[in-house]
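Visitor: my questions concern the predicted model and sequence given below.
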Amino acid sequence: MSGHAAGPGTTKIPSFADYTKERSGDSSRAFTYFMLGASGAVLTSAAQSSVHGFLTNMAASADVLAMAKTEVDLSTIPVGKTVTIKWRGKPVFVKHRTAEEITDAQGVNIKSLPDPQDDASRVQAPEWLVVVGICTHLGCVPTTDAGDYGGWYCPCHGSHYDVSGRIRKGPAPLNMEIPDYTIEGEKLTVG
């Protein structure tokens, strides 16, 4: 073996002179920096392209975006009638309530309800009720203008909803859901 000492109890530091490259000037260093910079640029571009491709594939498609909002011309719905529209694959009931229905809905003792909620918190304008038309018991679609309270009746299991979409009788535990909506003049936008 050569004169290099190694192992425990040795105080000699090994020499790596045989493994180092002699400096041949600044051109070698410039080439190294150039290659590092070029590699970094290529990797950054590849990462950006991958992220962009992933996000493009994960974005909502045009048909999903089209269903995100639904608009209804309220002037076409007569007083006392209910129209069913489709929003995000679900039925939505839009009811143009009569003055009598509004008075009845506002006069209910909310303490007597299974899911206590006053009428004013369920509507933006008293004459318009907008609810997701799905029974909160097992997801059936209730029949419009039916039941003991003049709102909706789910014949599957006997849930009765009033003209405010509140559960009044039957196995349903909750009131019908109120979707996000806005009313601007004669235009209703759901979603």
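Guide: Alright, I've got the coordinates.

Visitor: how many other residues sit next to residue 110?
Guide: Applying other CB atoms under 10 Å, we find 12 residues neighbouring residue 110. Quick note: C-beta positions are derived from backbone N, CA and C, even for glycine.

Visitor: meant to ask about residue 37
Guide: Residue 37: 10 neighbours (other CB under 10 Å).

Visitor: same check on the one 10 residues further on?
Guide: Other residues within reach of residue 47 by the criterion other CB under 10 Å amount to 10.

Visitor: check which helix or strand covers it.
Guide: helix 26-58 (DSSP states H and E).

Visitor: pull out the buried positions in that helix.
Guide: For helix 26-58, a neighbour-count test (16 or more other CB atoms under 10 Å) marks nothing as buried.

Visitor: for that helix, name the packing helices and strands.
Guide: Contact partners of helix 26-58 among helices and strands, from 3 or more CB pairs under 8 Å, 6 or more residues apart in numbering; DSSP states H and E: none.

Visitor: any idea how far that helix is from the chain center?
Guide: Distance of helix 26-58 from the chain centroid (CA atoms, centre = their mean, to the nearest Å) equals 35 Å.

Visitor: next SSE downstream of the worst-scoring helix or strand of the chain on mean pLDDT?
Guide: Least confident helix or strand, the chain: helix 62-68 with a mean of 67, by mean pLDDT, DSSP states H and E. Next along the chain after helix 62-68, taking DSSP H and E as the criterion, comes strand 70-73.

Visitor: mind listing what that following strand pairs with, with the direction of each?
Guide: strand 187-190 (antiparallel) (DSSP bridges).

Visitor: pLDDT of the partner strand, averaged?
Guide: On average, the pLDDT along strand 187-190 is 89.

Visitor: which SS class is residue 91?
Guide: strand (DSSP: H, G, I helix; E, B strand; the rest coil).

Visitor: so what's the residue nearest the centre of the chain up against?
Guide: Nearest residue to the geometric centre of the chain (CA atoms, centre = their mean): residue 68, 9.5 Å. Residue 68 sits next to 60, 88, 191 when contact means CB atoms under 8 Å, 6 or more residues apart in numbering.

Visitor: from these, which single one is nearest residue 174?
Guide: residue 88 (18.8 Å; CB to CB).

Visitor: residue ranges with poor pLDDT in the chain?
Guide: By pLDDT under 70, the low-scoring segments of the chain are 1-7, 10, 21-27, 62-67.

Visitor: so the chain: which segments form each domain?
Guide: 17-58, 65-190 (the TED database).

Visitor: single out the most deeply packed of those domains.
Guide: Burial of the domains of the chain is given as mean neighbour count (mean count of other CB atoms under 10 Å); domain 65-190 ranks first at a mean of 17.

Visitor: ok now that domain, how far from the chain's centre?
Guide: Centre-to-centre, domain 65-190 and its host chain are 22 Å apart (CA atoms, centre = their mean).

Visitor: next, work out how far apart the residue nearest to the centre of the chain and residue 105 are.
Guide: Separation of residue 68 from residue 105 (CB to CB, to the nearest Å) stands at 29 Å.
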